[in-house]
Structures are given as C-alpha cells and as structure tokens.
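A.B. asks: my questions concern the predicted model and sequence given below.
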Amino acid sequence: MKNCAFCKIVAGRAPASVVYEDKKTMALMTIAPANPGHVLVITKKHFPALESMEEKIGMYLFKITMRVADAVRKSGLRCKGINLFLADGEPQQEIPSPPHARNSKIPRRQFPDTSRPWLQTLARGT
Ligand SMILES: [Zn+2]
C-alpha cells in the first residue's frame, strides 16, 4: 500500500531497526515503545485487517511472534512477562497508525503497570 509506513519499511523506502526478517514477516523495534524491548511483528504483505489475511499467514505471523517474544525474554531486558497486542483494522484518529495488521510484544516490567493505563485495559480484556 503506497501510504502505509510499514509497507515503506518492507520496500526499503523508510528506515527501521529490524531485529528479524524472513520471506513473509519482519520484526522491528517501534519508534514509540511502551517499554524497552517493544517489538512489532508485521507481515510483508499489506493486510489492513485480520479479515483480509489468509489463515495460513496469520498462523505464521503468530509463530514468529512467539519466537520474537522468546528472544525478548532471553535478551536480558527487565521483563517479567510479555503483553501481546494485535492492531487490527483502521486506526483511530487520535492515535495515528498505519492500517497494517501487526502484533506488538511489550515487555511487562510490573503488574499493574501504572505508567501505562491502557496496558491495564488490555490485560483486563475490556
Ligand atoms: Zn502496509
């Protein structure tokens, strides 16, 4: 997609700190980390939402997400757990974000993380 920041990274037209890459996926450090070690795992092919993603690539994305989460835990970063967040669908206007489905792995340092109220919301599932 022409105006998608992640597609620009995949095409090599925008800089990124890439920590993993294969034929189908890419893992990169986010420019706005919730905590040190916050990594995004994206598909190289643009899918604006899960409903447009083939089940097979969704399963593969989660497989790579699990591997990256394991690497974050073993990296030596202060990490008591991992919060996994899936961005699916059109972004909300108050949070600019490319419409490219992706998984975020956010190292959890303490619970509840009072510095990030939205993480508590994610943890509760509400
Ligand atoms: Zn994209």
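C.D. replies: On my side now, so go ahead.
A.B. asks: please identify the buried residues of the longest helix along the chain?
C.D. replies: Of all the segments of type helix in the chain, defined by DSSP state H, the longest one is helix 55-74. Neighbour counts over helix 55-74 (16 or more other C-beta atoms under 10 Å) mark 57, 60, 61, 64, 65, 68, 69, 72, 73 as buried. In this view, the C-beta of every residue, glycine as well, is placed from N, C-alpha and C.
A.B. asks: quick one: contacts for the last one?
C.D. replies: In this case it means residue 73. 79, 82 (C-beta atoms under 8 Å, 6 or more residues apart in numbering).
A.B. asks: if I've got this straight, residue 19 is in a helix?
C.D. replies: No - assessed by DSSP: H, G, I helix; E, B strand; the rest coil, residue 19 does not belong to a helix; its assignment is strand.
A.B. asks: can you tell me the closest non-neighbouring residue to it?
C.D. replies: In space, and not counting its chain neighbours, residue 19 is closest to residue 27: 4.9 Å by C-beta to C-beta, 6 or more residues apart in numbering.
A.B. asks: wait, the one you found touches residue 17, no?
C.D. replies: No - judged on C-beta atoms under 8 Å, residue 27 makes no contact with residue 17 at a distance of 9.8 Å.
A.B. asks: show me which of these two is the more surrounded one.
C.D. replies: residue 27 (24 against 11; other C-beta atoms under 10 Å).
A.B. asks: ramachandran coordinates for that one?
C.D. replies: For residue 27, the backbone dihedrals (degrees, to the nearest 10) come out as phi -120, psi 130.
A.B. asks: all numbers from here: first residue = 36
C.D. replies: Renumbered: residue one is now 36, and that last one reads residue 62.
A.B. asks: list the contacts for it?
C.D. replies: 53, 54, 55, 56, 74, 75, 76, 77, 99, 103 are the contacts of residue 62 under C-beta under 8 Å, 6+ apart.
A.B. asks: got a pLDDT number for it?
C.D. replies: Per-residue pLDDT puts residue 62 at 94.
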